[in-house]
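Chemist: just a sequence and a predicted model for now, questions to come.
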Amino acid sequence: MLRRDFLAITGAIAGGLAIPSAFGKAIAAEDLQGGIDIAVKKRLADAALAAATGAGATYCDVRIGRYLRQFVVTREANVENIVNTESTGVGIRVIAKGAWGFAATNDLSTDGVAAAARQAAAIAVANSRSQTAPVQLAPVKGVGEVTWKTPIVRNGMTVPVKDKVDMLLQVNAAAMAAGADFFNSTLFLVNEQKYFASTDGSYIDQDVHRIWAPFTATAIDKASGKFRTRDGLSSPMGMGFEFLDAALSGKFEMPNGVVVYGKSYDMKADAIAAAKQARAKLTAPSVKAGKYDLVLDPTHIFLTIHESVGHALELDRVLGYEANYAGTSFATTDKRDAGFQYGSAKVNFTADKTEPTSLGYVGYDDEGVKTKKWDLIKAGKLVDYQSVRDQAHILGKTESDGCCYADNWSSVQFQRMANVSLKPGPDKLSVAQMIAGVENGVYIFGRGSYSIDQQRYNAQFGGQLFYEIKNGKIGAQIEDVAYQMRTPEFWNACSAICDASDYRLGGSFFDGKGQPSQASAVSHGSSTARFDGINVINTARSLG
Amino acid sequence: MSFPTEAEIKAILLKVVAMSKADECTAQMSGATDGNIRFALNNVSTSGIVSDTELAVQVAFGKRVGSATINEYSDAALERVVRRAEDLAKLAPENPEFVPAVGKQTYRASNTFSAATAAITPEYRAKVASDSIGPCKAEKLIAAGFLSDSNAFVAFANSRGNYGYQTSTMLDYTCTVRTEDGRGSGWVASNVQDSTSFNAANDIRTAMRKASASADARALEPGKYTVILEPAAAAGLITFMMRFFDARQADEGRSFLSKKGGGNKLGEQVFDPRVNFSSDPWNPEAPVVPWDENWLPREKTFLVEGGKIANLNYSRFWAQKQGKRAAGQPGNLLMSGGTKTTADLVRSTEKGILVTRTWYIRMVDPQTVLLTGLTRDGTFFIENGQIKYPLKNFRFNESPVIMLNNIDELGKPVRMGDDNGRGSVMMIPPMKLRDFTFTSLSDAV
C-alpha cells in the first residue's frame, strides 16, 4: 500500500470509484473479523514446502496472508468514504541452485500453492544462471508452532462503523466550533493476519494490529487570501481501538500549554487546539532567518530520525541495491570500521522490533526470525546497521537482525527499517529545564515538509507548530520556519536529551522502498532533544 | 495471461448491472499484466509478472452509496458482489454531495494501445537489463535500474445506459549509473506507449556519460542562478503545482489560485505569457483514456493559455453547486514550448547551471507552492554555451509559480512518466529560467 493509494482513498487526489485495487478486495465490515483456520494454513504451508523441496529447493518459506484495512473518511459534517478491503493469498520464496525465486498466488487450494511453490523453484533455477555468488543465509533455528498477537485491548475492526462515523463527526464539529473553516479527518485501521512456515521447521501465526487517526484543520483569512493548516499531533500506533480512549495517562502538557499525546489520544481535544492554532498561524510573526538552538518535540523529531538515521543505516542502501530509487547512504561500512562520530556523545540509537505499541512490533519478522533490539549508534559512534538473513554475512554477523518485511502476500519480503529510536538522556531533565537553558531558540512540534538527499546528508524539515525561545522563556507562536542540516553535523550538535519521562513514539504508515515500491509502517521514539546552532530559513514568499 | 474479449467483458458488466436492485449501479472491470525487471550492482536482482483482473461494483440507494470488488466471475460470485455493495450502501450514511451516475455518452477512442508493448516477454526484459549492465561493466561503471511494462484494459457499464471499453500499454525505464568510486552518478529515464520506440542500449549511454562527467564536482556558492532544467527536472516541480487546479480548493480559499476577498483567479495572468498547459486525450505522443475516473468524457482543454488561468477542474458536485459545466478531468498534462533541445539551450547560455533531475520534492508552503528538493545525477556548470565542469548537488527552495514567471526560453516538449511509471503522462519542455533559488549544497552523489 502506497501513500498515493491512501491519498486517493481519502480524496486528497481525484478518484472515482474509490477502491484502489492496491488494497485488495472491498468487503463488508463484518468480514473484517475472524480469520483463516490455523489447521488449513498449516496444511497449505506443508503442501508448499513439500512441493518446493521436491522441485529442488534447498530452502523455502511460505507466507499465507490475510491483509485487512478499514478507512472512514470525513470532512466537516460529511462522510466522504467508508471502505473495507481484504487481500488474501500465499507468497512462496525458495532458494534453488543458490538463487532466490518467488511466486505468489491467491489460489488457496493445496494444488494451487504447490504449483506456485514449483514455479518459485523454477524461477530460482532460471535466476541461478546469471547469479554471480550463491545466497548465504544466516541460520535460524525452527521454533515449531507458535502464535503471536499485538497486545491490543479492543480490536478496532469489531467497533461498529456507525460508532466510528459518530466519533469523527463529533471531532469535526468540535473543531469547526473552535474556529476551523475546514476540517478533514480519517480513521485508518490495519490488521495483518500472517502465517509463516519454513523448511527450518517454523510455523508462526501472527495477528498484527495498527491504528491511525489523522486530521487537518484549515483556517482561512478571506480578505488577505491567506490560508494555514494544522495537522493532528498524534501518531499511528501498533495498538487497538483503545488508543482513542483519551485516557489522561496519554496526555503530555508542555511548558507553553501545547498538548501532545503518548499511548492514548484525545482526538477531540487535539482538533479543538488545532483549529485555534491554525487560526493563530494566520497572524503569527514570520521567523527571522539565522542560527538558532532548536528544541524538537518527539512529534517532530521522529521524522528527522527516520530520514537521517533510520534510512542511512539500512544495509541494502549502504551496499547500493536501492541506488536507482531510494538511493544509497553516506554511512558506508568503512565509516563503521573507523568508529565514525555520527553524533555527539549524548546520542545513542537503537533499532528495535520488540517495543510495545510501536508500528514495527512483531514477534517474528517475515522470514521467521525472532525479533530483537540492537545498537546502531553508541555514544555518538556508528556501530551497526539493519540487515536480514541474506545480508548478515556481509557484516560478519552470524544472525539476522529480524527486520525483514513484505507489505502483502504477493510482495517479496526484504530488509525494512526497524523502529529506530533515540535513547532518552540518562539524567533527570524535563522539557522546562531544557528550555530554561536556551537563549535564542525555536521550539518545534509536529511533522511538516521533509526532504533529504539520496545519500542522507542534506535535509530540510518544517513542522506544524513553532514557538520562539528567548532567554530561557517560550514566547510567541511563529511561522515560516524550516531548518536545513547536514546529518553528521546535526547529530553532533545534539547537546541535551530529556529523560525517559518525556519519551514518546512518532511514526509513519508510509515508509516507501523497493521497485515495485512497498510501504512499511515504522515508529521512532525519543524524548525532547536540543540541537545547537542550526540554520533556520524563512519560507515565506510572495507571488506578487 | 490473455484477458477476456470485449464482448465477454461487456456481457459480464451488463449482467451485473441487471442484477442490481439499487436505484443505480455502475460496474467497472479492469485488468492488467504488469511485468518488471530490477537490477543493481550490475546484476539482476528481481523480476516478475503479475496478472490480475477485478470487477468493482458501485450502487446507490438515494444518496447512500456502497462499493465492493471481486476477482471471480461465476454467476454466484457476481450476485455476491452486487449484494455486498448493496448491503454496504444500505448501511452507509447519506452523502449530501452525491451526484447520479453519468448518462449515456459518446467517447471518441484514443490510441493508447501498442501490440508490441503488450507482447513483451521475460526475454525482452532480460535483454533490457543486459543492454544496460553490459556497457557499464565494460567501462567500470555500476548500473541500477528498473523496467516495468503494462498491458491493461478498463471497461464499464451503468444502469443509465453508459458503456466504455479501452485497452492501453505503457513501458517505463529508469537507470542510475554510478562510477566505481562513487564520485559520479548519472541517470536516464524513458516512458513510452510503444516499446518499439525504446532502446535501452542507446539510453544507457546518456546515464553513463553523465556518471563519468559528474565525478570531481566543484562546489558553487548557493544563491540565485540561471538554470536549464531538463524535462525530468522540471516535471517534478510542475506536477506539484497542478494539484492546485481544483476549482473547489480555489473557491474555498485554500490554493494559490484563490483570490483575495474570495473566488478564484480564473482569467487572471498568473504566469509568463509563454506558459500554456493543456490536456488532450488524443494527443499522438501522450494519449490517454477518453474518460475520467467518473466516466465523464475528457476534452481538449487549456488550463493555462498565454499565462492566464483558462480553466479549473470542477468535480461534478462542485460544478453543480457553482452553476458550472462539469467536463472530464484531465488525464495528461501538455506544456507547450519551442523547438530547441536541451543541448541547444545549453549552447545559447552564457552562464548557468544544467540540472538533470530533481529529487525528494516536498511542499514547504502551499500558499505560494514553495517546494524544496535537490538536484541529482548530473548537475553541471555552463559557460559560453558549453558544459565546463560538474557541480556538487544543490538543495532548492523555489515555487513553480515564480519559476514560470522567470522564463528565458522553453525548448521542445518531451514525454515523461511519473516517478513510478504509473498513472499520468506529460509532455514537458526543457526550460531555461532566471533566478532559480538554490539554498544549500549537498555532499550527496
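Modeler: Perfect, I can see it now.
Chemist: for the rest of this, base every contact and every neighbour count on C-alpha atoms.
Modeler: OK.
Chemist: buried residues in stretch B:74-87?
Modeler: Of the residues in stretch B:74-87, those scored as buried under the neighbour-count criterion (16 or more other C-alpha atoms under 10 Å in any protein chain shown) are B:78, B:81-87.
Chemist: could you pick out which of the residues you listed are near chain A?
Modeler: B:84, B:87 (C-alpha under 8 Å from any C-alpha of the partner chain).
Chemist: which two among the buried residues of stretch B:74-87 are spaced furthest apart?
Modeler: Pairwise distances across these (C-alpha to C-alpha) peak at 14.3 Å, for the pair B:Leu78 and B:Asp87.
Chemist: returning to what we had before: in strands, which of the buried residues of stretch B:74-87 appear?
Modeler: Nothing among the buried residues of stretch B:74-87 maps onto strands, per DSSP state E.
Chemist: of the buried residues of stretch B:74-87, which one scores lowest on pLDDT?
Modeler: By pLDDT, B:Arg84 ranks lowest within the buried residues of stretch B:74-87, coming in at 83.
Chemist: thought it was touching B:Ala68?
Modeler: Yes - with contact defined as C-alpha atoms under 8 Å, B:Arg84 and B:Ala68 form a contacting pair (6.4 Å).
Chemist: and the helices in the stretch 251-400 of chain A, which stretches?
Modeler: Per DSSP state H, counting those that start in this stretch, the stretch 251-400 of chain A carries helices over the ranges A:267-281, A:298-305, A:315-319, A:333-337.
Chemist: centroid residue for chain B?
Modeler: For chain B, B:Ser424 is the residue whose C-alpha lies nearest the centre (C-alpha atoms, centre = their mean; 2.7 Å).
Chemist: now the strands for the stretch 51-200 of chain A?
Modeler: Along the stretch 51-200 of chain A, the stretches classed as strands by DSSP state E, counting those that start in this stretch are A:59-75, A:78-96, A:99-105, A:144-149, A:182-198.
Chemist: okay if I get those strands as a markdown table plus mean neighbour count, distance to chain B and mean pLDDT?
Modeler: Formatted as a markdown table, the strands of the stretch 51-200 of chain A follow (neighbours: other C-alpha atoms under 10 Å in any protein chain shown; distance: least, C-alpha to the nearest C-alpha, whole Å; pLDDT from 0 to 100):
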| stretch | mean neighbour count | distance to chain B | mean pLDDT |
| --- | --- | --- | --- |
| strand A:59-75 | 25 | 10 | 93 |
| strand A:78-96 | 25 | 7 | 88 |
| strand A:99-105 | 26 | 8 | 89 |
| strand A:144-149 | 14 | 29 | 98 |
| strand A:182-198 | 24 | 9 | 97 |
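Chemist: who wins for proximity to B:Arg434 among those strands?
Modeler: Closest to B:Arg434 of the strands of the stretch 51-200 of chain A is strand A:182-198 (C-alpha to C-alpha; 37.3 Å).
Chemist: what pairs with that closest one, and is each one parallel or antiparallel?
Modeler: Strand A:182-198 sits in its sheet next to strand A:59-75 (antiparallel), strand A:202-212 (antiparallel), strand A:215-221 (antiparallel), going by DSSP bridges.
Chemist: which regions of the chain lie under the pLDDT threshold?
Modeler: If you meant another chain, say so; for now it's chain A. Applying pLDDT under 70 to chain A flags residues A:1-34.
Chemist: should've been chain B
Modeler: Within chain B, the ranges that satisfy pLDDT under 70 run B:1, B:419-423.
Chemist: closest to A:Ser410 out of the buried residues of stretch B:74-87?
Modeler: Set against A:Ser410, the nearest of the buried residues of stretch B:74-87 by C-alpha to C-alpha is B:Val81 (22.8 Å).
Chemist: for the stretch 1-150 of chain B, which residue gets nearest to chain A?
Modeler: In the stretch 1-150 of chain B, no residue comes nearer to chain A than B:Ala68, which is 4.8 Å away by C-alpha to the nearest C-alpha.
Chemist: what bridges to that residue?
Modeler: With beta bridges defined as DSSP bridges, B:Ala68 has these partners: B:Val57.
Chemist: what about it, distance to B:Ala11?
Modeler: Applying C-alpha to C-alpha, to the nearest Å, one obtains 19 Å for the distance of B:Ala68 from B:Ala11.
Chemist: the two: which is more packed in?
Modeler: More neighbours surround B:Ala68 than the other of B:Ala68 and B:Ala11, with 29 against 12 (other C-alpha atoms under 10 Å in any protein chain shown).
Chemist: ok, the more buried one touching B:Val59?
Modeler: No - here B:Ala68 does not reach B:Val59: they are 9.1 Å apart, not a contact under C-alpha under 8 Å.
Chemist: what sits in contact with each of these two?
Modeler: The overlap between the contact sets of B:Ala68 and B:Val59 (C-alpha atoms under 8 Å, 6 or more residues apart in numbering or on different chains) consists of B:Ala85.
Chemist: quick check: longest helix of chain A.
Modeler: Across chain A, the helix with the greatest residue count (assigned by DSSP state H) is helix A:110-128.
Chemist: name the residues that touch that one?
Modeler: Contacts with helix A:110-128, where a contact means C-alpha under 8 Å, 6+ apart, come from A:43-45, A:47-52, A:55-57, A:90, A:92-105, A:107, A:134.
Chemist: list the contacts of B:Leu374.
Modeler: B:Leu374 makes contact with A:452-453, B:358-361, B:393-396, according to C-alpha under 8 Å, 6+ apart.
Chemist: hmm, try it at 10 Å
Modeler: Counting by C-alpha atoms under 10 Å, 6 or more residues apart in numbering or on different chains, B:Leu374 touches A:451-454, A:458-459, B:233, B:355, B:357-361, B:393-397, B:438-442, B:444.
Chemist: where's the nearest residue to A:Phe330 once chain neighbours are set aside relative to A:Phe445, distance?
Modeler: Spatial nearest neighbour of A:Phe330, excluding adjacent residues (C-alpha to C-alpha, 6 or more residues apart in numbering or on different chains): A:Gln455 at 5.2 Å. Plainly put, A:Gln455 is 26 Å away from A:Phe445 if you go by C-alpha to C-alpha.
Chemist: A:His311 now?
Modeler: With distances defined as C-alpha to C-alpha, the gap from A:His311 to A:Phe445 amounts to 22 Å.
Chemist: does stretch B:27-34 reach chain A?
Modeler: Yes - using C-alpha under 10 Å from any C-alpha of the partner chain as the criterion, contacts between stretch B:27-34 and chain A involve B:27-28, B:30.
Chemist: using PDB, list the CA coordinates for that stretch.
Modeler: Included here for stretch B:27-34 are C-alpha records, laid out as PDB according to Å, rounded to 0.1, in the frame of the first residue of the first chain:
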ATOM      1  CA  ALA B  27     -19.900  -1.900 -12.900                       C
ATOM      2  CA  GLN B  28     -16.200  -1.500 -13.900                       C
ATOM      3  CA  MET B  29     -13.900  -4.300 -14.900                       C
ATOM      4  CA  SER B  30     -10.200  -3.700 -15.200                       C
ATOM      5  CA  GLY B  31      -7.200  -5.900 -15.700                       C
ATOM      6  CA  ALA B  32      -3.500  -5.700 -16.300                       C
ATOM      7  CA  THR B  33      -0.500  -7.800 -16.900                       C
ATOM      8  CA  ASP B  34       2.400  -5.900 -15.300                       C
END
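Chemist: for it, the distance to its chain's centre please.
Modeler: Taking C-alpha atoms, centre = their mean, to the nearest Å, one finds stretch B:27-34 lying 19 Å from the centre of the chain it belongs to.
Chemist: same thing with stretch B:241-259?
Modeler: When distances are taken as C-alpha atoms, centre = their mean, stretch B:241-259 is centred 20 Å away from the chain's centroid.
Chemist: in it, which residues are buried?
Modeler: B:241, B:244-259.
Chemist: now do stretch B:265-285
Modeler: Neighbour-count burial for stretch B:265-285 [16+ other C-alpha under 10 Å]: B:265-266, B:270-272, B:274-283, B:285.
Chemist: what helix or strand is the closest residue to B:Asn158 other than its chain neighbours on?
Modeler: Closest residue to B:Asn158 in three dimensions, ignoring its sequence neighbours and counting by C-alpha to C-alpha, 6+ apart: B:Thr26, at 4.1 Å. For B:Thr26, the enclosing helix or strand under DSSP states H and E is strand B:24-40.
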